[in-house]
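Undergrad: Please work out how this folds:
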Amino acid sequence: MTHMINQWLAQMGWSAQKEQLAVAAALFAVAALAGELAARLGGPACMSWVQSRFGVRGALSSKHLPELLRFGAGAVILAFPLTILPFDGPALMVLSTGFSAALAMTVSTVLRIGGMPLWTCIILAITILVLTMAGALGGVGPLTASLDATALHVGMRRISLLTVVNFLIVAAVLFTATRVANHLMTHAVGRLSALDLSQRALIQKLGSLAVVLVALLFGVDILGIDLTTLTVFSGAFGLAVGFGLQKTFGNLIAGLILLMDKSVKPGDVVAVGDTFGAINKIGIRAVSVITRDGKEHLIPNEQLMTQPVENWSFSSRDVRIHIPVVIAYDSDLKRAQELMIQAAKASRRVLPKPEPSVWLLAYGERGLEHDIMVWIIDPEQGVGNVQSDILNRLWELFRANGIGLPYPQRDVHLHGEPLHKPGGANLPPADDGR
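TA: Below you'll find the model as predicted:
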């Protein structure tokens, strides 16, 4: 049957490349339209059926079903004319590219439904795309010849589809290798218990930069890019990048310095300006500080180098908290101070050593001003909650022992001037000008 179709097409003048290319473009458009209709019409019904049958697991995987229908229908529609009709030249390239891409996306979607990582799906999809195109064109040799024949001349340089495909494949492979190398290195460095957090973060940052640099050098060597032809352009481009990314490189160097001198490290509790919290990580551009409200502040690395920073856990994690308390003048001073110590020791986060202490600061306007001083070892858990806990306990103890707290009050004394002065005449009424 295929032989009869080929003879009939030859009699109709099928050998002209323009007619073949027009038919291939029409088939490509029909496949794209059919795939979109399949995704829009059959996608919701398939999603609801999978969710009702497999529950939560089905709901997670059903979101990829419209994509599966879209690419699967396109691959099926393009497969029949590609195997039956005698296409060649650009028309064969168009149909084989469309079919290979649709088949690769179909397999990738199936793998994603199965729970495979995205980067694995991308590698397998690219492999299937290359192998399918090679099979449709008659092998790897005809595939490379067809890709190299389609080229664009830009000045003295010739850029072919083969060059573009090589660039994309090399970039994808190097990107995947870089991600895998960074992941393995991060995991290996994280298991080095002999190093502290700052040293581990420094090694990870330097290792990541080294991996990226090696990947770039490999890519330039594999693609055969002649860097000497880009000397003038790279100089001007580097100068522009130097001025435009001055702050970025400054933050990069500042981050490396912070990791090397260990002035701040992940886990430290710091106060920078109005921001108070624990350092989550030190990135290439900024330091991530998580506050007690759950907000993550990104502070540029340069800011920690040039502005004053309070590091509550630099040399020691012990932090002293000051809690002001004012009692009435008619209270038992000694008993009140004993109750303050008792309330401080009863708090869960207060350290037993050094012991809590109470100082009498001043005879204030409203009462006797005291300062309760306690020590904690976990400032990342907050300090306001410790103060609240101690003051709540102290309120109950004061009420049970008759210790009074002063109320805000004002004494106003009015002094009126008499209408009759002793030994003098009556004062005339004031003239108000009326």
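Undergrad: Need the contact partners of stretch 302-309.
TA: Under the criterion CB atoms under 8 Å, 6 or more residues apart in numbering, residues 247, 250-251, 254, 257-258, 263-264, 270-273, 287 lie in contact with stretch 302-309. All C-beta atoms are positioned from the backbone trio N, CA, C, and that covers glycine.
Undergrad: And those residues, which is closest to Asp371?
TA: Using CB to CB, Ala271 is the member of those that lies nearest Asp371, at 20.5 Å.
Undergrad: Assign the nearest residue to Ile323 once chain neighbours are set aside to helix, strand or coil.
TA: Nearest residue to Ile323, sequence neighbours excluded (CB to CB, 6 or more residues apart in numbering): Ile372, at 4.2 Å. Assigned by DSSP: H, G, I helix; E, B strand; the rest coil, the conformation of Ile372 is strand.
Undergrad: do the same with His322
TA: Applying three-state DSSP: His322 is strand.
Undergrad: what's around it, how many residues?
TA: 11 (other CB atoms under 10 Å).
Undergrad: With Leu27 instead?
TA: Using other CB under 10 Å: Leu27 sits among 22 other residues.
Undergrad: Ile122 now?
TA: The burial count for Ile122: 16, using other CB under 10 Å.
Undergrad: Please identify the helix or strand for it.
TA: helix 118-137 (DSSP states H and E).
Undergrad: pLDDT on that helix, on average?
TA: For helix 118-137, the mean per-residue pLDDT is 66.
Undergrad: do the same with stretch 403-411
TA: In this model, stretch 403-411 carries a mean pLDDT of 80.
Undergrad: Need the contact partners of it.
TA: Contacts of stretch 403-411 (CB under 8 Å, 6+ apart): 326-332, 335-336, 339, 366-367, 397-398.
Undergrad: What are the buried residues along it?
TA: Buried residues in stretch 403-411, counted by 16 or more other CB atoms under 10 Å: 403, 406.
Undergrad: Mind checking which of the contacts of stretch 403-411 land in helices?
TA: Among the contacts of stretch 403-411, the members found in helices (DSSP state H) are 335-336, 339, 397-398.
Undergrad: Any of those residues buried? List them.
TA: Buried by 16+ other CB under 10 Å: 336, 339, 397-398, out of the ones in helices among the contacts of stretch 403-411.
Undergrad: show me where this structure has helices.
TA: 2-11, 17-61, 65-84, 90-113, 118-137, 140-149, 161-190, 197-223, 231-244, 246-261, 301-306, 333-346, 384-401.
Undergrad: So which of the contacts of stretch 302-309 wins on neighbours?
TA: Val287 (26 neighbours).
Undergrad: I appreciate the help and will end here.
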